[in-house]
Every structure is written in C-alpha cells, then in structure tokens.
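>>> here is the input, now give the coordinates:
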Amino acid sequence: MAAWSSGDERRHLFDLARAARRPVRAHPHRSAERVPESTRRLLHVLATPGPVLGRHLDVLAWNPLAEALLGDPADRPPADRNTVSVLFREPEARMLCPGWENMARQYVAMLRAAVADDPDHPRAMALVGELSIHSAAFRRLWARHDVRENVHGTTLFQHPEVGGITLDWDTYPLPGDPGPVLLVFTTEPGTTDAGRLQLLASLWATRDTAPRRSAADEIRRQPA
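Now for the predicted structure:
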C-alpha cells in the first residue's frame, strides 16, 4: 500500500468504526450540497481553473478557465458531472491526462475516503455500483483499498490547443459538514506552463461565448 496514504488510511479506519457504531436512522451528512453565492462570485474572478467538488467528487460549479481546461460540465446531465465517472467512462479523459493511471488512483482513493463517512449514502452506492459494472479499471483500483484525503497534487494535462501543461492543485474546504471543496489549479509564474495557461485563457476569451455564458448564468441562478 502506498506510503503517502498511511495517515489517511488510519483516519479511514476510525471513520469506518464510527460509521459502524452510528444508528442506521442517523444520516447527518445527507443534506443537499450547495455552493455559496460568494463562492460563485469568487470562481469568476479567479485567473486560474477552479471547479467546486461535492463530497463524492461531483462537479457542483466551475469557472470559464476550468471549462477551458477540462471541458464543459453543462454538456452532461447533472448526475454525470462526476470527476471519477468522467475519468473512467470517457475516453477523452485518458487523452487529456497522460498520467491517467496515477490521477485515477488518487481520485479513487479520495472517493473511498469520502464513502467511509457514510457507506450507505445513496449517491456513493450508485456511483460505486455503476463504475464497478462498467469499468474493469475502476474495479481494479477500488480493490486496492487506497485512501487519500483530497488536499493537493500535481497533474500533467495534454491539452489539444496549448499542448502539455503541468498544474499544481490544492483543495480548500467550503462551509458545510462536510462541505464542498474548491479545487484550484495553479502553476509557477514565469514558467512555460504559466505561459500556456495564459494562452489558454486568451484563446477562450476570444471565442463566441454567448452559449457558454448562458450556461454559466443558469448555474449562478441556482439557490446558494
């Protein structure tokens, strides 16, 4: 088992023990996940990609640069806007991420950590069940029992417009128990990667943005 996850695995075991002792009727973390309006405003002033992820890694909100880097979540039904599902069920994800295996392993480990808090959560059961049926790669990685909290990492993207770009990512908790997290991609200023990220932003800004803004406005109108 990977050395980086030893501390996370220990917390995972305690979480499982607490979940086992919890009365079946108690579901303290099943309230609807909402993104504060202040966070939505923050997303649209960030000069870097920034999606918001729910407890099971569903994409709840995003900014234009996240759309430029990762694709438009609005192209998928809300139930399919999940980062783990996209990684395993969409071939484009493997093309976008040359280090797909490592990234997929990290996200599966983060999903397992989230599932520990409420193992019979309907969303968790549906997501894990669906991916187990449709993806042998998911079954293989899920069987590793790796556990990781979603804190930080580095990912290489092979973007079709700007080429290879390596970005660091960090997660920032938002209000809630547990609340969503803001996932922010950044890179060192003055580097080739920073130049390519700026180029991506420039290319995206010069496009016909009317349909895309309409989708973004719809997202912002959802209750905070």
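>>> Leu87 in helix, strand or coil?
What DSSP: H, G, I helix; E, B strand; the rest coil gives for Leu87 is helix.
>>> in stretch 176-186, what's buried?
Across stretch 176-186, burial judged by 16 or more other CB atoms under 10 Å covers 176, 179-186. The C-beta positions use only the backbone N, C-alpha and C, and glycine is treated the same way.
>>> including pLDDT and secondary structure, could these go into a markdown table?
Putting the buried residues of stretch 176-186 into a markdown table (pLDDT from 0 to 100; DSSP: H, G, I helix; E, B strand; the rest coil) gives the following:
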| residue | pLDDT | secondary structure |
| --- | --- | --- |
| Gly176 | 73 | coil |
| Gly179 | 78 | coil |
| Pro180 | 92 | coil |
| Val181 | 93 | strand |
| Leu182 | 95 | strand |
| Leu183 | 95 | strand |
| Val184 | 96 | strand |
| Phe185 | 97 | strand |
| Thr186 | 97 | strand |
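>>> okay, these in TSV with distance to Leu141 next?
What follows is the buried residues of stretch 176-186, written out as TSV (distance: CB to CB, whole Å):
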residue	distance to Leu141
Gly176	27
Gly179	26
Pro180	24
Val181	21
Leu182	25
Leu183	20
Val184	25
Phe185	23
Thr186	27
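>>> which among those residues gets closest to Arg41?
In terms of CB to CB, no member of the buried residues of stretch 176-186 lies closer to Arg41 than Leu182, at 12.3 Å.
>>> excluding sequence neighbours, find me the nearest residue to that closest one.
Distance criterion CB to CB, 6 or more residues apart in numbering; nearest residue to Leu182, sequence neighbours excluded, is Tyr172 at 4.5 Å.
>>> using PDB, list the CA coordinates for the top strand by length along the chain.
Secondary structure of the chain per DSSP state E: the longest strand is strand 163-173. Taking C-alpha atoms only, strand 163-173 is exported to PDB below (Å, rounded to 0.1, in the frame of the first residue of the first chain):
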ATOM      1  CA  GLY A 163      -0.100  21.300 -25.600                       C
ATOM      2  CA  GLY A 164       1.400  19.900 -22.400                       C
ATOM      3  CA  ILE A 165       0.800  21.900 -19.200                       C
ATOM      4  CA  THR A 166       1.700  20.800 -15.700                       C
ATOM      5  CA  LEU A 167      -0.500  22.300 -13.000                       C
ATOM      6  CA  ASP A 168      -0.400  22.000  -9.200                       C
ATOM      7  CA  TRP A 169      -3.800  21.600  -7.500                       C
ATOM      8  CA  ASP A 170      -5.000  22.300  -4.000                       C
ATOM      9  CA  THR A 171      -8.400  21.900  -2.300                       C
ATOM     10  CA  TYR A 172     -10.000  24.400   0.000                       C
ATOM     11  CA  PRO A 173     -12.900  23.400   2.200                       C
END
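>>> show me what it is in contact with.
If you take CB atoms under 8 Å, 6 or more residues apart in numbering as the criterion, strand 163-173 is touched by 49, 53, 69, 98, 150-159, 179, 181-187, 193, 196-197, 200.
>>> just those residues: which are in strands?
Reading strands off the contacts of strand 163-173 with DSSP E, I get 53, 152-159, 181-186.
>>> contact partners for His134?
Counted by CB under 8 Å, 6+ apart, His134 has contacts 88-89.
>>> name the helix or strand of this protein that has the lowest mean pLDDT.
The helix or strand of the chain with the lowest confidence, counting by mean pLDDT, DSSP states H and E, is helix 210-220 at a mean of 44.
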